[in-house]
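Q: Following is a predicted model, sequence given first.
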Amino acid sequence: MRRFLIITADDFGLHEAVNEAVQQASEAGALTSASLMVGAPAAADAIRRARMLPGLRVGLHLVLAEGRATLPHELIPDLTDEGGQMSGDMFLRAVRFIADRGTRRQLEAEIRAQFSEFSRSGLPLDHVNVHKHFHLHPTLLDMLLRIGRDFGIASVRVPAEPLWFASKAGGWAGVLRGALLSPWTALMKRRLRSAGVSHNDRLFGIAASGGMNEATLLTILARLPPGITEIYMHPAVQSGRAITESMHGYRHAEELAALMSPRVRAAIALGRYELGGFADALRAHGAPAA
């Protein structure tokens, strides 16, 4: 089985510093994919840049917690504050998604609005994922797939990180988190296969989120097994609070430097990985392994 590598920049559109990094890394050849926040402050700038980058595959980064909604507060009062911001309290939101029918209706409306906004960009929809991997929530995943069918959804990220990397990057806490998520990611893969939607076999970036530097990338690249691997990152030309307060500890500029590193690009070339986005992986490999 061949090895297919997708390297994705999340939060495309969050800030012009993120967009500039995506453009630089895509033009340099290491970055193959980006996930667009359609309601973010710099989304229009991101779309403009993406149109000039034929090698960059762009997907939808649905924001359903800790970010700005697409619909006005009056239409989704249970999801946002009066300023249109969604809470970062994911546990409370997860409970309400199950227990409250009115909240679910508002959630469906916001998901559809974000898909519609992406469609209006004119960019081909390469993939869909959710900010903070919130689509691990079964109710949310079902909505995503049902609504996404109307917009040609073909691929969804599965946040299944190998335990060896979770241990190396996150210690015992990383291993525990990975072990707890494992049944949910297995369920997600089964649900996606049942819906005829492709996915990655594994993902790197959770345990080292905000700190995916050159050494970390080289470690991953040295151990890639066959199948479809996604590495996700948060590059920007500025770091931390310059992007957003919630990312005060993120080393965005180091992540950009890793993507621009000649050593990383050489490791990719030596590994003879097939590169691209999810649509390219689907054409090359068909449905991924279980």
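A: Structure received.
Q: Now for Arg68: which residues touch it?
A: Contacts for Arg68 (Cβ atoms under 8 Å, 6 or more residues apart in numbering) come out as Gly39, Ala40, Pro41, Gly84, Gln85, Met86. No exception for glycine: its C-beta is placed from N, CA and C like everyone else's.
Q: Ignoring the adjacent residues along the chain, who's closest to it?
A: Ranked by Cβ to Cβ, 6 or more residues apart in numbering and with sequence neighbours excluded, the top spatial neighbour of Arg68 is Gly39, at 4.9 Å.
Q: Give me the three-state assignment for the one you found.
A: Following DSSP: H, G, I helix; E, B strand; the rest coil, Gly39 is assigned to coil.
Q: Now do it against Leu14, distance only.
A: 10 Å (Cβ to Cβ, to the nearest Å).
Q: Same check on Lys132?
A: Distance, Lys132 to Leu14, using Cβ to Cβ: 13 Å.
Q: re earlier: more crowded one of Gly39 and Leu14?
A: Of the pair Gly39 and Leu14, Leu14 is the one with more neighbours under other Cβ atoms under 10 Å, namely 26 against 20.
Q: Spit out the contact partners of the more buried one.
A: Met37, Ala40, Pro41, Ala42, Ile243, Thr244.
Q: Make JSON lines out of these and add pLDDT, distance to Gly29 and neighbour count.
A: Converted to JSON lines, the contacts of Leu14 look like this (pLDDT from 0 to 100; distance: Cβ to Cβ, whole Å; neighbours: other Cβ atoms under 10 Å):
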{"residue": "Met37", "pLDDT": "97", "distance to Gly29": "24", "neighbour count": "26"}
{"residue": "Ala40", "pLDDT": "94", "distance to Gly29": "26", "neighbour count": "23"}
{"residue": "Pro41", "pLDDT": "94", "distance to Gly29": "28", "neighbour count": "13"}
{"residue": "Ala42", "pLDDT": "96", "distance to Gly29": "23", "neighbour count": "20"}
{"residue": "Ile243", "pLDDT": "85", "distance to Gly29": "24", "neighbour count": "21"}
{"residue": "Thr244", "pLDDT": "82", "distance to Gly29": "28", "neighbour count": "17"}
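Q: so the residue nearest to Arg68 touches Thr70, yeah?
A: Yes. At 4.3 Å, Gly39 counts as touching Thr70 under the criterion of Cβ atoms under 8 Å.
Q: Which residue ranges of the stretch 51-200 of the chain form helices?
A: Secondary structure of the stretch 51-200 of the chain (DSSP state H, counting those that start in this stretch): helices at 90-99, 101-121, 138-148, 163-195.
Q: Quick one: closest of those to Ala258.
A: Ala258 lies closest to helix 163-195 among the helices of the stretch 51-200 of the chain, at 13.7 Å (Cβ to Cβ).
Q: Mind giving me the packing neighbours of that closest one?
A: Helix 163-195 sits against helix 138-148, strand 198-199, helix 214-221, with contacts defined as 3 or more Cβ pairs under 8 Å, 6 or more residues apart in numbering; DSSP states H and E.
Q: just checking, next helix/strand downstream of the last one?
A: Beyond helix 214-221 on the C-terminal side, the first helix or strand identified by DSSP states H and E is strand 227-233.
Q: what does that next one rub up against?
A: Contacts for strand 227-233 (Cβ under 8 Å, 6+ apart): 1, 3-10, 33, 35, 157, 199-205, 212, 217, 220, 255, 258-259, 281, 285, 288-289.
Q: you'd agree Tyr250 is in a strand?
A: No. Secondary structure of Tyr250 (three-state DSSP): coil, not part of a strand.
Q: wait, doesn't it sit right on His234?
A: Yes. Using Cβ under 8 Å, Tyr250 is in contact with His234, at 5.8 Å.
Q: list residues touching both of those two?
A: Ser209, Gly210.
Q: got any ranges where the chain has weak pLDDT?
A: By pLDDT under 70, the weakly predicted segments of the chain are 1, 88-94, 99, 175, 286-290.
Q: longest strand anywhere in it?
A: Criterion DSSP state E: the longest strand present in the chain is strand 3-12.
Q: and the next helix or strand after it, what does it pack onto?
A: Counting by DSSP H and E, the next helix or strand C-terminal to strand 3-12 is helix 16-28. Here helix 16-28 touches strand 3-12, helix 43-50, helix 252-260, going by 3+ Cβ pairs under 8 Å, 6+ apart.
Q: Please identify the buried residues of helix 16-28?
A: By 16 or more other Cβ atoms under 10 Å, the buried positions in helix 16-28 come out as Glu16, Ala17, Val18, Asn19, Glu20, Ala21, Val22, Gln23, Gln24, Ala25, Ser26.
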